[in-house]
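Peer 1: Dropping the sequence and predicted coords here.
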Amino acid sequence: MPAAIAWLLLGFSALFATLNDGSRPHALGTLLWALLAGVWLAALAAAPENLPLRIAQYAGLLALIAVLVHRSPLFGFFAFSGYLYANALPRRLAVVGVIATAVLTGSSQAGGLPPPPSTDTATYAGLIAINMVVAVALTAFSWTMEEQSEKRRQMVVEISEANAKLQDALAENAGLHAQLVAQAREAGILDERQRLAREIHDTLAQGLIGILTQLAAAETAAGDTGDAERRHLDNAARLARHSLNEARRSVRALRPEALESAQLPQAVAEVVRQWSDVTGVPASATTTGTARPLPPDVEVTLLRTAQEALANVAKHAAAARAGVTLSYMEDMVTLDVRDDGSGFDGSGLDGDSVPASGDPQGGFGLVALRERLAMIHGTLDIESAPGEGTAISATVPCDGAS
């Protein structure tokens, strides 16, 4: 763009200078100098980005402008090109270029370079001074506007980046919120199922057992009563047994499906087998100690721990193998889930922050498990190191009685 304007100004100045020159030889010489200036402008446009070369070419341009202003004051229009190319220089050198251009422009306005004998010295110097002040002021204003524009551009970029981060954070928080809501709903459903199971067992089932006991005693005491009385007793006993079976079936239905038809060791083994089939990762399930019936809420919590831990292995660990061990001890039961995956830096773990395997920023599923274990006085421990896999251990206190 500066080159096109400079060529236009050069052509305009050369045309009017030639038309106003009464001497053909002088006009021809002026045209030759103007042609040289055009070639110099072409060299400026094609020059590589080299500061010493750029300074030398700009100095040459000012020299050509001075020669042309000396030959004709009308080349003051072309002198404006010095302002255009000064912007390509470092600011200190640009100030020098702007002042030099202002001197050449003021000289052309005052009659030429050097000034004609009839020119008043004060007027000549005043025109040059005015040009210098205006040029420097406009240049400083232009630089200020450029700086403000750059600051605004950077501010827009920073705002855009901050907005993008905010959108990502909102999306992440929305996902975490949905996950927490789902887990809270699942935990609430599980707690309600356990409460209902206890209520049915402690009230309805126990009441029916008492009724059956009383009916058996009544039947024994009745002895040889009439057929009608015995038939009524038999019908009452049959209805009570049927209701008791229904109550027990309801209690079983409120437990997880995996525990409905199997004990905890078999249920854990089935969960591990299904997980291995789905993920393709070899996994083993081992039971140590003497298996015994546990309270329903303990069995459910340990089974959920195995499921959640294996889900984290599949999601984060990139493991080649996994193993689950259920250990029955005299006063406690533990469930250990191990993998040989990527692991993470577990040195900063505390009781309120439990990351998922391989994902130190996640782990809300394990946080929910820790809270669930705390409800039955259990604990959740995690050991991990980068590249050394992860071990999750759930411990629940439980006496040796069935």
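Peer 2: Structure's in. What do you need? Nothing here was measured: the structure is a model prediction, and the numbers come from that model. Numbers count the residues shown, from 1 in each chain.
Peer 1: What are the boundaries of the helices in this protein?
Peer 2: Counting by DSSP state H, the chain has these helices, from start to end: 2-19, 24-46, 51-71, 76-79, 81-86, 91-110, 121-199, 206-222, 227-253, 257-260, 264-279, 296-312, 364-375.
Peer 1: Return the member of those helices having the minimum mean pLDDT.
Peer 2: Mean pLDDT is lowest for helix 257-260 out of the helices of the chain, coming in at a mean of 61.
Peer 1: where does T288 land on pLDDT?
Peer 2: Value listed for T288 in the pLDDT field: 94.
Peer 1: Pretty sure it sits against L326.
Peer 2: Yes: assessed by CB atoms under 8 Å, T288 is found in contact with L326 at 7.4 Å. No exception for glycine: its C-beta is placed from N, CA and C like everyone else's.
Peer 1: of those two, who's got more company?
Peer 2: L326 (23 against 13; other CB atoms under 10 Å).
Peer 1: got a list of what that one touches?
Peer 2: L264, P265, V268, A285, T286, T287, T288, A291, L302, V333, T334, L335 (CB atoms under 8 Å, 6 or more residues apart in numbering).
Peer 1: 6 Å instead?
Peer 2: Residues near L326 by CB atoms under 6 Å, 6 or more residues apart in numbering: P265, V268, T287, L335.
Peer 1: just these now: which is nearest V133?
Peer 2: L335 (85.9 Å; CB to CB).
Peer 1: beta partners of the closest one?
Peer 2: L326, A394 (DSSP bridges).
Peer 1: Quick one: residues contacting it.
Peer 2: By CB under 6 Å, 6+ apart, L335 lies in contact with L302, T305, A306, L326, A394.
Peer 1: Go again with 8 Å.
Peer 2: Applying CB under 8 Å, 6+ apart, we find L335 in contact with V268, L302, T305, A306, V324, T325, L326, S327, S393, A394.
Peer 1: give me the number of residues near the third one?
Peer 2: Think T305. 26.
Peer 1: was I right about it contacting L373?
Peer 2: Yes: with contact defined as CB under 8 Å, T305 reaches L373; the gap is 7.2 Å.
Peer 1: Please enumerate the shared neighbours of those two.
Peer 2: L380, A394.
Peer 1: any idea how far P265 lies from T279?
Peer 2: From P265 over to T279 the distance is 21 Å, taken as CB to CB, to the nearest Å.
Peer 1: Now do the phi/psi pair for A319.
Peer 2: phi -90, psi 160 (degrees, to the nearest 10).
Peer 1: Who are the contact partners of it?
Peer 2: Applying CB under 8 Å, 6+ apart to A319 gives the contacts V281, V313, D339, D340, G341, S342, G389.
Peer 1: ok, and the closest non-adjacent residue to the last one?
Peer 2: When you say that, I think you mean G389. The shortest distance from G389 to any non-neighbouring residue, by CB to CB, 6 or more residues apart in numbering, is to D340 (4.4 Å).
Peer 1: How many residues are close by the one you found?
Peer 2: There are 18 residues near D340, going by other CB under 10 Å.
Peer 1: Quickly note the distance from it to Q148.
Peer 2: Distance from D340 to Q148, by CB to CB: 58 Å.
Peer 1: re earlier: give me the buried entries from the contacts of L335.
Peer 2: The neighbour count (16 or more other CB atoms under 10 Å) marks V268, L302, T305, A306, V324, T325, L326, S393, A394 as buried among the contacts of L335.
Peer 1: Let me see the contact set for the fifth one.
Peer 2: Looking back up the chat, that one is V324. Taking CB under 8 Å, 6+ apart, one finds 268, 272, 283-286, 306, 309-310, 335-338 in contact with V324.
Peer 1: Out of those residues, who's the most crowded?
Peer 2: A309 (29 neighbours).
Peer 1: Adding distance to A137, write the contacts of L335 out as JSON lines.
Peer 2: Below are the contacts of L335 laid out as JSON lines (distance: CB to CB, whole Å):
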{"residue": "V268", "distance to A137": "84"}
{"residue": "L302", "distance to A137": "82"}
{"residue": "T305", "distance to A137": "76"}
{"residue": "A306", "distance to A137": "79"}
{"residue": "V324", "distance to A137": "80"}
{"residue": "T325", "distance to A137": "83"}
{"residue": "L326", "distance to A137": "85"}
{"residue": "S327", "distance to A137": "86"}
{"residue": "S393", "distance to A137": "77"}
{"residue": "A394", "distance to A137": "77"}
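Peer 1: which of those residues lies closest to A56?
Peer 2: So of the contacts of L335, ranked by how close each gets to A56 (CB to CB), first place is S393, at 76.7 Å.
Peer 1: That closest one against S384, yeah?
Peer 2: No: assessed by CB under 8 Å, S393 is found out of contact with S384, at 11.7 Å.
Peer 1: any idea how far the spatially most central residue of the chain lies from M375?
Peer 2: Nearest to the geometric centre of the chain sits D168, at 5.3 Å (CA atoms, centre = their mean). Noted for D168: a distance of 34 Å to M375, by CB to CB.
Peer 1: Could you report the distance from the residue lying closest to L74 once chain neighbours are set aside to A27?
Peer 2: Counting by CB to CB, 6+ apart, L74 lies nearest to A17, which is 4.4 Å off, once chain neighbours are set aside. Distance of A17 to A27, computed by CB to CB: 8 Å.
Peer 1: neighbour-wise, which of these two wins?
Peer 2: Legend: neighbour count by other CB under 10 Å for A17 and A27, higher for A17 (24 against 18).
Peer 1: List the residues that contact that one.
Peer 2: Going by CB under 8 Å, 6+ apart, A17 touches A27, T30, A34, L68, R71, S72, L74, F75.
Peer 1: mind redoing it with 10 Å?
Peer 2: A17 makes contacts with 26-27, 30-31, 33-34, 68-69, 71-75, 77-78, as judged by CB atoms under 10 Å, 6 or more residues apart in numbering.
Peer 1: And the buried ones among those, selectable in PyMOL?
Peer 2: A single PyMOL command selects the buried members of those (16+ other CB under 10 Å):
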select buried, resi 27+30+31+33+34+68+69+71+72+73+74+75+77+78
